[in-house]
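**Student:** what shape does this take:
(chains A and B)
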Amino acid sequence: ETGVTQSPTHLIKTRGQQVTLRCSSQSGHNTVSWYQQALGQGPQFIFQYYREEENGRGNFPPRFSGLQFPNYSSELNVNALELDDSALYLCASSSPTRGSTDTQYFGPGTRLTVL
Amino acid sequence: ILNVEQSPQSLHVQEGDSTNFTCSFPSSNFYALHWYRWETAKSPEALFVMTLNGDEKKKGRISATLNTKEGYSYLYIKGSQPEDSATYLCAPSNDYKLSFGAGTTVTVRA
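**Tutor:** Here you go, the predicted structure:
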């Protein structure tokens, strides 16, 4: 396993609610990226945090937000949940050295169901 | 975010047979290509990071080639075993972002 952990494993919410997902990065990694995998698709990049700052963002609305803490763990927050937010949310940690060639190490994901 | 296609979407292989499948991506502004193996109920596992045209990487019975000029990569599994059953994802990276394809799901039948 990668050493990246995520909690909770599964979560059920209703439309309009807010949710917080958590990720603990691998030891020594200071960068966390979040991805959303909808059914039948590949994971899509949400955003990345590097040393507690957002380092880039994919095509997701502002109701998707994040935090990174001094120990480099991270949270993904989603407000005003919609049915289409139902997906597997993956986080990945890395220790950036060369950018594009840095390997990202993934956690097992959190399965979010919005009813 | 890059447009990435993987084919076929799924394939079934008899144990002991070899197989291969394709990842296509835009050839312009290429930086690197990542391959991951994702078994059910586990974390995606990094297989290879490839950067150079003509590059070939190998890990056990799995190997991959890269053509950056035409924008494709092949992944090969030699002598498939049941433990090779997984979804294989490719992801070209542009700076820090990975742009994943939908994957090729391989099922190895004993």
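
**Student:** elements contacting the helix-or-strand element of chain B with minimal mean pLDDT?
**Tutor:** Sorted by mean pLDDT, DSSP states H and E, the helices and strands of chain B end with strand B:97-98, the least confident at a mean of 90. Where contact means 3 or more CB pairs under 8 Å, 6 or more residues apart in numbering or on different chains; DSSP states H and E, strand B:97-98 is packed against strand A:31-37, strand A:44-50. No exception for glycine: its C-beta is placed from N, CA and C like everyone else's.

**Student:** what's the helix or strand of chain A with the lowest mean pLDDT packed up against?
**Tutor:** For chain A, counting by mean pLDDT, DSSP H and E, strand A:53-57 ranks last in confidence among helices and strands (a mean of 92). With contacts taken as 3+ CB pairs under 8 Å, 6+ apart, strand A:53-57 sits against strand A:44-50.

**Student:** other residues contacting the strand it packs on?
**Tutor:** Contact partners of strand A:44-50, identified using CB atoms under 8 Å, 6 or more residues apart in numbering or on different chains, comprise A:30-38, A:54-60, A:64, A:66-68, A:74, A:76, A:96, B:1, B:96-100.

**Student:** buried subset of these as a ChimeraX selection?
**Tutor:** ChimeraX command restricting the contacts of strand A:44-50 to the buried ones, with burial defined by 16 or more other CB atoms under 10 Å in any protein chain shown:
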select /A:30,31,32,33,34,35,36,37,55,57,58,60,64,66,68,74,76 /B:96,97,98,99,100
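
**Student:** and the least confident helix or strand of chain A, which strands flank it?
**Tutor:** Next to strand A:53-57 in the sheet, as set by DSSP bridges, lie strand A:44-50 (antiparallel).

**Student:** tell me which residues in the partner strand are buried?
**Tutor:** By 16+ other CB under 10 Å, the buried positions in strand A:44-50 come out as A:Q44, A:F45, A:I46, A:F47, A:Q48, A:Y49, A:Y50.

**Student:** how far does that strand sit from the chain's center?
**Tutor:** Averaging C-alpha positions (CA atoms, centre = their mean, to the nearest Å) puts strand A:44-50 7 Å from its chain's average.

**Student:** angle of that strand against strand A:31-37?
**Tutor:** Orientation check (axes from the mean of the first three to the mean of the last three CA atoms, to 10 degrees): strand A:44-50 against strand A:31-37 gives 170 degrees.

**Student:** on that earlier part again, the least confident helix or strand of chain B: what's the following helix or strand?
**Tutor:** strand B:104-109 (DSSP states H and E).

**Student:** what's that following strand packed up against?
**Tutor:** On a contact count with 3+ CB pairs under 8 Å, 6+ apart, strand B:104-109 meets strand B:10-14, strand B:19-24, strand B:86-94.

**Student:** and chain B, which residues reach chain A?
**Tutor:** B:1, B:4, B:6, B:31-32, B:34, B:36, B:41-46, B:49, B:51, B:89, B:91, B:93-103 (CB under 8 Å from any CB of the partner chain).

**Student:** per-residue pLDDT, the residue sitting nearest the centre point of chain A?
**Tutor:** Centroid-nearest residue in chain A: A:W34, 2.8 Å away (criterion: CA atoms, centre = their mean). Listed pLDDT for A:W34 reads 98.

**Student:** low pLDDT regions in chain A?
**Tutor:** In the predicted model, chain A carries pLDDT under 70 at residues A:98.

**Student:** one more: chain B?
**Tutor:** Applying pLDDT under 70 to chain B picks out residues B:1.
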